[in-house]
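*Asks:* this is a predicted model, with the sequence first.
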Amino acid sequence: MLGGTFDPVHLGHLRCAVELREMLALDRVHMVPAARSPLRDAPQVAPEDRLALLRLGIGDTPGLLADAREFSRHGPSYSADTLAELREAYGPEARLVMALGHDAFMRLPEWRQPHRLFELAHLVVVDRPDHDAPLGEALEELVVGREVDGVAGLMAEPHGRLLRLTLPSRMAISATEVRRRLACGESVRYLLPEAVESHVLAHGLYREAGREGG
């Protein structure tokens, strides 16, 4: 599971999903756009637009799925609820992984039921070249004894472990910057997939000044 606002989905998101699937030998990666993130401002465009852009971005990429399940729930989008649905679907012995960026990982103690995440899945923290900070005390307590140093250690159990992973491309593309460029009429070529860029421009999405987040 790779969640996010995907506001809009960009090449960094998609390349991350492809490399996670390859490095962890995953059957599939559910890319799950949040309907309403508890820790971020509301997305700038409607859920159906973000989902359409995600589907266009994925295209026919093997193993990547645009998963709209959080749009069918009311209230904030909690990752623990999404993981519980996936665990029910795949069964107790499946190796479930939730991937998140280092910036989101640093705020993990603020998440709803953070311990429950480890009861349902493994967590894989994707390092970003622009994020490097020591762990706070609450986060240290949450992850103590869980960290493994490789994929084999991660996959030895169905859930409960933590792996920090550096992806080969480490594409530091910011959705905030993409929104800013679109609002100012600047080029987003090679930041977005061509199909996503074409749809955004054709429908006039993100013309207003973007908000922080993404």
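*Replies:* Looks like it came in fine.

*Asks:* please pull out the lowest mean pLDDT helix or strand from this structure.
*Replies:* helix 102-106 (a mean of 90; mean pLDDT, DSSP states H and E).

*Asks:* name the helices or strands packed onto it?
*Replies:* Secondary structure elements in contact with helix 102-106, counted by 3 or more C-beta pairs under 8 Å, 6 or more residues apart in numbering; DSSP states H and E, are strand 122-126. In this view, the C-beta of every residue, glycine as well, is placed from N, C-alpha and C.

*Asks:* buried ones in whatever helix or strand comes next after the strand it packs on, by neighbour count?
*Replies:* Next helix or strand after strand 122-126 toward the C-terminus (DSSP states H and E): helix 137-143. By neighbour count on 16 or more other C-beta atoms under 10 Å, the buried set for helix 137-143 is 139, 142, 143.

*Asks:* equivalent analysis for stretch 64-76, please.
*Replies:* For stretch 64-76, burial by neighbour count (16+ other C-beta under 10 Å) applies to 64, 65, 66, 67, 68, 69, 70, 71.

*Asks:* for the second one, give me its contacts.
*Replies:* This points to residue 65. With C-beta atoms under 8 Å, 6 or more residues apart in numbering as the criterion, the residues that contact residue 65 are 28, 29, 30, 31, 58.

*Asks:* find the residue closest to the first one in space, skipping its chain neighbours.
*Replies:* I take that to be residue 28. Spatial nearest neighbour of residue 28, excluding adjacent residues (C-beta to C-beta, 6 or more residues apart in numbering): residue 63 at 4.9 Å.

*Asks:* tell me how many other residues surround that neighbour.
*Replies:* Around residue 63 there are 14 other residues, counting by other C-beta atoms under 10 Å.

*Asks:* shouldn't it be in contact with residue 27?
*Replies:* Yes - proximity of residue 63 to residue 27 meets the contact threshold set by C-beta atoms under 8 Å, at 7.0 Å.
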